[in-house]
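Undergrad: Need the 3D shape of this:
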Amino acid sequence: MLSKKDQAIEENILKPQTVETFYKNINMSGDCHIWLGQIDHRGYGEFGVYSKNLGKKVSIKAHRFAYSLKHGFEKLPKGVTSNPEFVINHMCHNPACVNPGHLEVITNKENSSKEKRKPKDGAA
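TA: Numbering: from 1, shown residues only. As a prediction, this is how the structure comes out:
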């Protein structure tokens, strides 16, 4: 079963107006595409979307939305839990970055390790 946040992502990546609003909140002038909208206490971008299915506005992680736009919702690790098996990793170590080229799916164990990967294109 999908989390409410994942349901909202799945519903909204198909809405042109939501996607357009998402891109208006990104500074793409550097290698990292920086989220200009709301940032949480850990530095991750948050994107508010309305879910018709849930009947309310839901705050989702901007990098998860970006990953879904680029790779498709079916490639997004499911569930927002306290200990997910797979997560979206920022290879650039910048939690505000939403550049899909800087994001990869890794295990939570890999994400917790001290050695992090660098972007495939060699950026930041």
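
Undergrad: now Ile26: how far from Glu20?
TA: Remark: distance between Ile26 and Glu20 (C-beta to C-beta, to the nearest Å) = 11 Å. To be clear about C-beta, it is placed using only N, CA and C from the backbone, and glycine gets the same treatment.

Undergrad: hang on, I meant Met91
TA: For Met91, the distance to Glu20 - C-beta to C-beta - is 27 Å.

Undergrad: Would you mind listing the buried residues in stretch 56-75?
TA: Residues Val58, Ile60, Lys61, Ala62, His63, Arg64, Phe65, Ala66, Tyr67, Ser68, Leu69, Phe73 are the ones in stretch 56-75 that count as buried (16 or more other C-beta atoms under 10 Å).

Undergrad: now do stretch 90-104
TA: Quick answer for stretch 90-104 (16+ other C-beta under 10 Å): 90-92, 94-104.
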